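Enquirer: Fold the following.
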Amino acid sequence: MRKMILGMMVVIGLLGMMAGTGMCTSTDTAHILLLVTPNAIVDLSISTGTIVLGVVDVGKSTVTWQSVVMTNIGSTGFTLEKTVMTDGDLWDITAAPAIENGFNLFAMATSTSATNPFLMRPSITDFETAASSFNKAGVGLSYLNALTYIDKTKVNMAPTGSTSKKNIWFRLDMPTKVSNTNQQSINVRLKASTN
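Expert: Numbers count the residues shown, from 1 in each chain. Predicted coordinates:
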């Protein structure tokens with residue numbers, strides 16, 4: 001009987017050890033946080049650096065006949081801001097066109113059309129004055145504001161695909177009076193900022 005009790009105790013002990021082995025296992029996890037800042041390239045290409053408006057009547061408004069095609073050739077998307085760096089020898093963008101040598105300049109973007117870029121040309125009334133104007137009352141040159149579409153949404157240029165190209169159009173409201181008829185050069189800057 002002793003052998004039988006001893007045998008049962010050995011079997012119970014083995015079963016207990018086996019059960020205990022399965023129940024005693026545990027796991028542990030560790031988390032590692034990797035921080036990385038991409039070194040993306042913001043690169044903007046324009047089709048032309050000069051637009052010749054030619055002779056425009058005083059007191060009239062005109063839209064450029066040719067757009068500037070802008071292409072994102074970088075590795076990240078970006079939005080665009082616009083500003084006037086210089087506004088001509090005598091002209092003043094901070095003055096209203098009703099003041100001698102005062103003028104307004106506007107810009108807006110449209111999608112590109114491979115077949116005919118002139119189909120996308122906006123009319124004078126398409127330029128919403130507050131969103132597309134370079135001028136802001138009481139603010140001088142170098143004031144940056146967003147380049148927008150006709151619906152006033154900001155231009156967002158992806159690095160590839162159909163949204164990597166945009167047509168940029170300009171509207172000029174001529175002064176109603178000028179002090180001389182010398183040709184004026186208006187220097188516009190477009191600034192790309194990552195999304």
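Enquirer: Where does residue 172 sit: helix, strand or coil?
Expert: At residue 172 the chain is in strand, as set by DSSP: H, G, I helix; E, B strand; the rest coil.
Enquirer: Quick one: neighbours of it, just the number.
Expert: Residue 172: 19 surrounding residues under other C-beta atoms under 10 Å. Backbone N, C-alpha and C define where each C-beta goes, glycine included.
Enquirer: That one contacts residue 61, doesn't it?
Expert: Yes - assessed by C-beta atoms under 8 Å, residue 172 is found in contact with residue 61 at 6.8 Å.
Enquirer: beta partners for the residue positioned nearest the centre of the chain?
Expert: What sits nearest the mean C-alpha location of the chain, by C-alpha atoms, centre = their mean, is residue 79, with 0.9 Å. Judged by DSSP bridges, the bridge partners of residue 79 are residue 156, residue 193.
Enquirer: so who does it touch?
Expert: Each residue near residue 79 by C-beta atoms under 8 Å, 6 or more residues apart in numbering is listed here: 146, 147, 154, 155, 156, 157, 192, 193, 195.
Enquirer: pLDDT below threshold where in this protein?
Expert: Applying pLDDT under 70 to the chain picks out residues 1-25, 113-119, 129-130, 135-142, 162.
Enquirer: show me where it has helices.
Expert: 2-23, 129-132 (DSSP state H).
Enquirer: picking that back up, tell me the buried residues within the contacts of residue 79.
Expert: Buried residues within the contacts of residue 79, counting neighbours by 16 or more other C-beta atoms under 10 Å: 147, 155, 157, 192.
Enquirer: ok, the second one to residue 51 distance?
Expert: Same thing as residue 155. 18 Å (C-beta to C-beta, to the nearest Å).
Enquirer: so how many other residues sit close to the nearest residue to residue 133 once chain neighbours are set aside?
Expert: Leaving out its chain neighbours, the residue that sits closest to residue 133 by C-beta to C-beta, 6 or more residues apart in numbering is residue 106, at 5.3 Å. Residue 106 has 23 neighbours, counted by other C-beta under 10 Å.
Enquirer: Not counting residues beside it along the chain, what's closest to residue 48?
Expert: residue 68 (5.9 Å).
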